[in-house]
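Enquirer: Need a 3D model of the sequence below.
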Amino acid sequence: MTLAAVTGKLPVSTLNNLTVVIPTAGLGSRVGKISAYLNKALVPINAEPMLSHIINRFPRNSKFIIVLGHLAGQVKDFCEIAYPELNIEYVYVDDWTSTKSGTAYSLSCCAAHITGPFWYVPCDTYFNENITENTNNDCFFVKQVPQEECYLYTIFNTHDNKIISTHYKPKESVESTLAFTGLMCISNWQNFLSLLATAGATEFVNVIQAGSGVRTLDSWSDIGTEQKYKAEQAKLSKFDFTKDDEITYCTNNKIIKWTKDASLAEKRHLKALANPIPFPTGCNHIGNFFKYDFVPGETLYQYNETKKINMPGLLTWLENNVWKEVDISNVLFLSQCNSFYKEKTLARIELFKQKCTVKQVLTVNGVSIQHYQDCLDNIDWDYLAKESVPRFVHGDLQFDNIVIDDNANFTLIDWRPDFSGAVTHGDLYYDLAKLAGGLMINYSKIKENSFSIVSDLHNVNITLPTLNNTEEYLEQLYEYVENRGLDSYKVKMLVPIIFWNMAPLHNPPFDIFLWYLGLKLFSELDSSKHEIYKPQ
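Expert: Numbering: from 1, shown residues only. Predicted structure coming up:
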């Protein structure tokens, strides 16, 4: 992922030496299933977590008080890997699930850490504008909402930009539709905290006083519910290319990847330590997070839009800097290859069948295709495992994961953590097949939703987004394979297997797209002049 993927940056506020309270303790159940494994402060918007969007609105010398509860370690780990230079104090809430929990209780837990005027920003309050400098009065940021949504918010009645009365999630229609966004600046902090301590309320809105000022927050979006979060995401991305078990962030000049499985973060780090030359600087991991420094330049997909790639030069660079020989037992490597190719593929196909209805059709883009089970039955899995070359590999080697800078230097990003558990080696053929697959499908165009799939009862037609010079690049790739004494049809055979492995991990309709593309490629190979499936 490149920094260009993150847009809409605005200068931070001109305020200095601020205290900013960011509550993250709640369960966040309204945002749906994602909150079961991800704190809602880390829900991504435009490649950055909500927490980063908030932090980026304030000066770097601010004191950030982050309130922890649900998945507390996750939030703290992210802050430590993304913002080690910031002044962050953590406040743990001992109870964020009972009837006493709420905004008032969380804020009261911070009282000992607040020593002056402070800002308060809920972790589901998204905005992308500067917020003005502090005044001598408390200020609450508001925005008009539809009448039918007033019950979701605290509604203010105002006059001359001053609060007259407050209605907390009104069940009946109210005259005003001016909703409190959750963002507030409390200048009279001692009075506010004193009222909070004696009110015995669940929500702090009960101590908001008449006469306090209001300001409009034009860019505010509430992402506190699953529906609103998805609506905000839809504004920013053309196609959701993300996976359920991992998230990639681009923030604070770092690329940070979160995975459900913490061991994958460690493996990515170990892989970079084993061969640091082709990878970015700044690699590190904490908990479920892995990070590396942002790499300036363009991905090869971007570069290829205006320039031609020196494919032989790229392959030579990969050979010299990535595909290093490794010392591994033949017996162990054969077992790893069998597990990686056969066992993983069959498991992924079962996962896909559980997720999608596998409809058998007669043709894909006019090519007569076999039943998928026939394709599987014809694959010589023993051959795939035995005809392997142990090397240090990237593991997801396609043009979105290769960055070229102004001096034509290459850097590899977003590498696969392991090959059937092995961190420091894999099958060279897998990297070659990943390159081939990435030349057949332009993944950057997939993310722009520049693909389609249309089907009737018996036929499927897919629009395949390619890239400039695809055929020439593929020819050069296979020429390299043959010149190195390798087997080009194993590379071609692995490409549809890779697409089938990818299918269950992606959102529709890309999952179905990959499935039928795999069927098409299998059938084309089977009908070619070579004996593709079972070599003699």
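
Enquirer: ok, Leu428 to Trp317 distance?
Expert: Going from Leu428 to Trp317 by Cβ to Cβ, to the nearest Å gives 15 Å. C-beta coordinates here come from the backbone N, C-alpha and C atoms, glycine included.

Enquirer: which of those two has more neighbours?
Expert: Leu428 (23 against 17; other Cβ atoms under 10 Å).

Enquirer: correct me, but the more buried one touches Glu387?
Expert: No. Using Cβ atoms under 8 Å, Leu428 is not in contact with Glu387, being 10.8 Å away.

Enquirer: and the longest strand along the chain, C-alpha only, in CSV?
Expert: Determined from DSSP state E, the single longest strand within the chain is strand 178-186. Taking Å, rounded to 0.1, in the frame of the first residue of the first chain, the C-alpha atoms of strand 178-186 are listed here in CSV:
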residue,chain,number,x,y,z
LEU,A,178,-28.9,19.8,16.0
ALA,A,179,-27.0,16.6,17.1
PHE,A,180,-24.0,16.6,19.4
THR,A,181,-21.1,14.9,17.5
GLY,A,182,-19.3,13.9,20.7
LEU,A,183,-16.4,16.2,20.0
MET,A,184,-16.1,18.8,22.7
CYS,A,185,-13.6,21.3,24.2
ILE,A,186,-13.9,21.8,27.9
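
Enquirer: Domain-wise, how is the protein divided?
Expert: 3-236, 297-526 (automatic domain parsing).

Enquirer: just to revisit the earlier point, state the mean pLDDT of the longest strand of the chain.
Expert: What strand 178-186 shows for mean pLDDT is 96.

Enquirer: Does anything pack onto it? Which helices or strands?
Expert: With contacts taken as 3 or more Cβ pairs under 8 Å, 6 or more residues apart in numbering; DSSP states H and E, strand 178-186 sits against strand 118-120, strand 125-126, strand 139-144, strand 154-159.

Enquirer: Can you get me a residue count around Asp244?
Expert: So Asp244, with other Cβ under 10 Å, has 12 neighbours.

Enquirer: Could you report the pLDDT at it?
Expert: So, for Asp244, pLDDT stands at 78.

Enquirer: quick one: contacts for it?
Expert: Contact analysis of Asp244 by Cβ atoms under 8 Å, 6 or more residues apart in numbering lists Leu505.

Enquirer: circling back to that earlier point, and the longest strand of the chain, which strands flank it?
Expert: In the sheet, strand 178-186 lines up against strand 118-120 (antiparallel), strand 139-144 (antiparallel), strand 154-159 (antiparallel) (DSSP bridges).

Enquirer: possible to save the ones you listed as a markdown table with mean neighbour count?
Expert: Listed next are the strands paired with strand 178-186 as a markdown table, based on neighbours: other Cβ atoms under 10 Å:
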| stretch | mean neighbour count |
| --- | --- |
| strand 118-120 | 24 |
| strand 139-144 | 20 |
| strand 154-159 | 18 |
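
Enquirer: And these: which comes nearest Ile88?
Expert: strand 118-120 (14.3 Å; Cβ to Cβ).

Enquirer: Figure out the length between the terminal residues of stretch 57-72.
Expert: One end of stretch 57-72 sits 23 Å from the other (Cα to Cα, to the nearest Å).

Enquirer: Name the residues of it that are buried.
Expert: 57-58, 62-72 (16 or more other Cβ atoms under 10 Å).

Enquirer: Of these, which belong to helices?
Expert: Among those, the members found in helices (DSSP state H) are Ala72.

Enquirer: Among the buried residues of stretch 57-72, which lie within strands?
Expert: 63-68.

Enquirer: what's the closest of the domains of the chain to Glu266?
Expert: Using Cβ to Cβ, the domains of the chain put domain 297-526 closest to Glu266, at 8.2 Å.

Enquirer: How far away from the center of its chain is that closest one?
Expert: Mean C-alpha position of domain 297-526 versus that of the full chain (Cα atoms, centre = their mean, to the nearest Å) differs by 21 Å.

Enquirer: Could you do stretch 69-77 as well?
Expert: 18 Å.

Enquirer: Use 646 as the first number from now on
Expert: Yep, numbering from 646; the last one is stretch 714-722 now.

Enquirer: neighbouring contacts of that stretch?
Expert: By Cβ under 8 Å, 6+ apart, stretch 714-722 touches 669-673, 680, 683-684, 686-687, 696, 711, 713, 735, 737-738, 741, 751, 931-934.

Enquirer: swap the cut-off to 7 Å and go again
Expert: Applying Cβ atoms under 7 Å, 6 or more residues apart in numbering, the contact partners of stretch 714-722 are 669-673, 684, 686-687, 711, 713, 735, 737-738, 741, 931-934.

Enquirer: And those residues, which of them are buried?
Expert: Judged by 16+ other Cβ under 10 Å, buried ones among the contacts of stretch 714-722: 669-673, 684, 686-687, 711, 713, 735, 738, 741, 931-934.

Enquirer: got the phi/psi numbers for Val1099?
Expert: In terms of degrees, to the nearest 10, the main-chain angles of Val1099 are phi -130, psi 130.

Enquirer: Test my guess that it contacts Pro1154.
Expert: No. Using Cβ atoms under 7 Å, Val1099 makes no contact with Pro1154, being 10.0 Å away.

Enquirer: the more surrounded of these two?
Expert: The neighbour count for Val1099 versus Pro1154, taken as other Cβ under 10 Å, is higher for Pro1154 (16 against 10).

Enquirer: and the closest residue to Leu713 other than its chain neighbours, what pLDDT?
Expert: Sequence neighbours aside, Tyr737 is the residue nearest to Leu713 in space, at 5.1 Å (criterion: Cβ to Cβ, 6 or more residues apart in numbering). Predicted confidence (pLDDT) for Tyr737: 96.

Enquirer: State the phi and psi torsions of Tyr737.
Expert: Residue torsions, per degrees, to the nearest 10, at Tyr737 are phi -90, psi 130.

Enquirer: Equivalent analysis for Asp885, please.
Expert: phi -80, psi 100.

Enquirer: what's around it, how many residues?
Expert: 15.

Enquirer: same deal with Asp739?
Expert: Neighbour tally, Asp739, other Cβ under 10 Å: 10.

Enquirer: part of a strand, is it?
Expert: No. Applying DSSP: H, G, I helix; E, B strand; the rest coil, one finds Asp739 to be coil, outside a strand.

Enquirer: Skipping its backbone neighbours, what lies nearest it in space?
Expert: Cys754 (7.9 Å).

Enquirer: Whatever helix or strand Glu1124 lives in: which residues count as buried?
Expert: Assessed by DSSP states H and E, Glu1124 sits inside helix 1115-1128. Using 16+ other Cβ under 10 Å as the test for burial, helix 1115-1128 gives 1118-1119, 1121-1123, 1125-1126.

Enquirer: Same question for stretch 1052-1063.
Expert: 1055-1063.

Enquirer: From the residues you listed, pick the one nearest Ser821.
Expert: Asp1059 (48.3 Å).

Enquirer: Contacts only, for that closest one.
Expert: For Asp1059, the contact set (Cβ under 7 Å, 6+ apart) comprises 1041, 1046.

Enquirer: For this structure, which helix extends over the most residues?
Expert: helix 1155-1171.

Enquirer: Outside of that helix itself, list whatever touches it.
Expert: With Cβ under 7 Å, 6+ apart as the criterion, helix 1155-1171 contacts 997, 1000-1001, 1009-1010, 1012-1015, 1017, 1020, 1091, 1096, 1098, 1105, 1107, 1137-1138, 1140-1141, 1144-1145, 1147-1149, 1151, 1177-1178.
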